[in-house]
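Undergrad: this one's sequence-less:
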């Protein structure tokens, strides 16, 4: 396992993605504060948070479980982005960029899972 979570490329990418989400939601209508905004913030933040928590675990299998949770949160975030696009809250361009980035993060998570499985 990596000693410092912030050295993991997948964490760096997920953290950057999360920052973009937080910047994007500043454009959301105020009435979405306790609806879509809360949901998207929670799911997007859960991606890097699960990577961090998993990295601190003692075994690769525990880390893998947290990576699967991160991947689930990533999928949830993708859905929230799709909903925001369909509700005309975000533009297609923003949606496309964030989905592309989240797909890349998903591949990175899968790659790390494969690596960890090969080491155990």
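TA: Nice, I can see it. Quantities reported herein were computed from a predicted structural model and do not represent experimental measurements.

Undergrad: all helices in this protein, in order from the N-terminus.
TA: 9-25, 38-55, 60-86, 92-119 (DSSP state H).

Undergrad: State the pLDDT value of the residue lying closest to residue 50 once chain neighbours are set aside.
TA: With CB to CB, 6 or more residues apart in numbering as the criterion, residue 50 has its nearest non-adjacent residue at 3.8 Å, and that residue is residue 70. (Glycine included, C-beta is placed from N, CA and C.) Residue 70 is assigned a pLDDT of 98 by the prediction.

Undergrad: From residue 19, how far off is residue 70?
TA: When distances are taken as CB to CB, to the nearest Å, residue 70 and residue 19 turn out to be 16 Å apart.

Undergrad: most tightly surrounded among the helices of the chain?
TA: Each of the helices of the chain was scored by mean neighbour count; the highest is helix 38-55, a mean of 21, by mean count of other CB atoms under 10 Å.

Undergrad: Check which helices and strands that helix sits against.
TA: Under the contact definition 3 or more CB pairs under 8 Å, 6 or more residues apart in numbering; DSSP states H and E, helix 38-55 sits against helix 9-25, helix 60-86.

Undergrad: and it, how far from the chain's centre?
TA: Between the centre of helix 38-55 and the centre of its chain there are 6 Å (CA atoms, centre = their mean, to the nearest Å).
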